[in-house]
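> Next come a sequence and a model predicted from it.
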Amino acid sequence: MGTELVVDVKNQIKHALAEVKKKRFENVFFVACGGSSALMYPGKYVIDREAEKMDAHLYSSNEFIYRNHSKLGENSLVILCSHSGKTPETVESAKFAKSKGALTVSLTNEIGSPLAQASDVVLKYEWGQEANAFTTNYSVLYQLVFGILKTVEGNDKFGLIEESLENLQTVYEKAASQSHEKAVKFGQDYKDEKIIYTMASGANYGVAYSYAICILMEMQWIHSHAIHAGEYFHGPFEIIDEETPFIILLGLDETRHLEERALEFSKRYGKKLVVLDAKEFDFSGIKEEVKGYIAPLVLNYVLRKYADNLAETRNHPLSKRRYMWKVEY
Ligand SMILES: O=P(O)(O)OC[C@H]1O[C@](O)(CO)[C@@H](O)[C@@H]1O
């Protein structure tokens, strides 16, 4: 890698896995809110596909506490994420999980934050344009998840994912430059839309989810809803027409057929379709066995460029809020 790595991810993961090795885990809970929650979706997908014994569960932080899952206990590993490390319900979730005897491992950008203090193990990730993909949130989460699979069950894909993640920055840069014109056009063509839906399935669903709730609703105040491609034919497809915009993601995982089927139907009745297909990107350096898991990361990276352009043409910065962090909630 060309860039110097600020965060020593490999050492952090080594330390986390040493803690994991001390106990016998039967289940993994992914717990977070908003964008940090969306990040966890592909992590659960990986465990669902790869684990022979461990179960994976994913909850929004407050629900995690109030639902009080009957399987949460001494044999649980709870992975939390909060970018700021301050989201109160996520901090409370860490304390709650600990009180149940679970091991808590938190991902955050803020090492001294309340979440970091409340957790058994803390993994700091890098953020922003300058950060190398290997040190960012998705990469750290995947190294942790594949590391847990290796440590607990002897799964052999840890080396493959690590090597692939080391090559991810180049994949990102090529995909972003290849998509540059499309991203600019998206900003121009969709700047006046009042609603934009997003759709995906499998490992990619979390990307559609965060785009709907964080990028479009939170950061652009555009109505949106994330539709699971498998659910499309069970209600949402009634809404498609020539005027209604849909962002449709196609990944490389086992559920791609669902996304393709939804796209085919949408093409028959819709006109405003923004399609991002991971097959069109150059995945050189990514191991064949993990391409399906890496696709959402690349789609997410490219979609962020689409968001930058939309924010610019709408003259509505992605940082603009009216309620979040401003009023009580
Ligand atoms: O717990 P975190 O990751 O700091 O999240 C705080 C906020 O950031 C977002 O993920 C994106 O702004 C929101 O959805 C969330 O409320």
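Sure, I can see it.

> CA only for contacts and neighbour counts going forward, please
Fine.

> Skipping adjacent residues, who's closest to the residue of the stretch 151-300 of the chain found nearest the ligand in space?
Nearest residue of the stretch 151-300 of the chain to the ligand, counting by CA to the nearest ligand atom: residue 214, 5.4 Å away. The shortest distance from residue 214 to any non-neighbouring residue, by CA to CA, 6 or more residues apart in numbering, is to residue 35 (6.4 Å).

> Residue 301 now?
Sequence neighbours aside, residue 172 is the residue nearest to residue 301 in space, at 6.7 Å (criterion: CA to CA, 6+ apart).

> quick one, what contacts that neighbour?
Residues near residue 172 by CA atoms under 8 Å, 6 or more residues apart in numbering: 298, 301-302.

> picking that back up, next SSE downstream of the helix or strand harbouring the residue nearest to residue 214?
Of the helices and strands defined by DSSP states H and E, residue 35 is found in helix 34-50. Per DSSP H and E, helix 34-50 leads on to strand 55-60 as the next helix or strand towards the C-terminus.

> For that next one, which helices and strands make contact with it?
With contacts defined as 3 or more CA pairs under 8 Å, 6 or more residues apart in numbering; DSSP states H and E, the packing partners of strand 55-60 are strand 27-32, helix 34-50.

> at 10 Å what do you get?
Counting contacts by 3 or more CA pairs under 10 Å, 6 or more residues apart in numbering; DSSP states H and E, strand 55-60 packs against strand 27-32, helix 34-50, helix 61-67, strand 76-82, helix 88-99.

> I'd like the average pLDDT over the third one.
Helix 61-67 shows an average pLDDT of 98 in the prediction.

> Next, the buried residues of that helix.
For helix 61-67, a neighbour-count test (16 or more other CA atoms under 10 Å) marks 61-62, 64-65 as buried.

> And for residue 34, the neighbour number?
The local packing of residue 34 (other CA atoms under 10 Å) involves 15 other residues.

> Return the residues in contact with it.
60-61, 82, 209-210, 213-214, 218 (CA atoms under 10 Å, 6 or more residues apart in numbering).

> and the longest helix anywhere in the chain, anywhere near the ligand?
Using DSSP state H to define each element, the chain has its longest helix at helix 291-313. No. Where contact is defined by CA under 6 Å from any ligand atom, no part of helix 291-313 touches the ligand; the two come within 12.7 Å at best.

> what angle separates that helix from helix 34-50?
Angle, helix 291-313 to helix 34-50, by axes from the mean of the first three to the mean of the last three CA atoms, to 10 degrees: 160 degrees.

> Off-centre distance for helix 291-313?
11 Å (CA atoms, centre = their mean, to the nearest Å).

> Quick check: chain neighbours aside, which residue is closest to residue 284?
residue 171 (7.1 Å).

> Make sure I have this right: the one you found is in a helix.
Yes. According to DSSP: H, G, I helix; E, B strand; the rest coil, residue 171 belongs to a helix.

> contacting residues for it?
Per CA under 10 Å, 6+ apart, neighbours of residue 171: 133, 164-165, 281-286, 298.

> per-residue pLDDT, it?
98.

> do the same with residue 207
98.

> Could you pull up phi and psi at it?
Dihedral pair for residue 207: phi -70, psi -40, per degrees, to the nearest 10.

> Equivalent analysis for the one 3 residues further on, please.
Main-chain dihedrals, residue 210, degrees, to the nearest 10: phi -70, psi -30.

> Dump the C-alpha coordinates for stretch 18-36 into PDB.
The C-alpha atoms that make up stretch 18-36 are tabulated as PDB, following Å, rounded to 0.1, in the frame of the first residue of the first chain:
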ATOM      1  CA  ALA A  18      -6.800 -12.700  21.800                       C
ATOM      2  CA  GLU A  19      -9.800 -11.700  24.000                       C
ATOM      3  CA  VAL A  20     -12.200 -13.700  21.800                       C
ATOM      4  CA  LYS A  21     -10.000 -16.800  22.200                       C
ATOM      5  CA  LYS A  22     -10.600 -16.800  26.000                       C
ATOM      6  CA  LYS A  23     -14.300 -17.800  25.800                       C
ATOM      7  CA  ARG A  24     -16.600 -20.000  23.900                       C
ATOM      8  CA  PHE A  25     -19.000 -18.000  21.800                       C
ATOM      9  CA  GLU A  26     -22.300 -19.300  20.500                       C
ATOM     10  CA  ASN A  27     -23.700 -16.100  19.100                       C
ATOM     11  CA  VAL A  28     -22.800 -12.600  17.800                       C
ATOM     12  CA  PHE A  29     -24.900  -9.500  18.200                       C
ATOM     13  CA  PHE A  30     -24.400  -6.500  16.000                       C
ATOM     14  CA  VAL A  31     -25.600  -3.400  17.700                       C
ATOM     15  CA  ALA A  32     -25.600   0.200  16.500                       C
ATOM     16  CA  CYS A  33     -27.800   3.100  15.200                       C
ATOM     17  CA  GLY A  34     -28.200   4.800  11.800                       C
ATOM     18  CA  GLY A  35     -25.200   4.700   9.500                       C
ATOM     19  CA  SER A  36     -23.200   2.600  12.100                       C
END
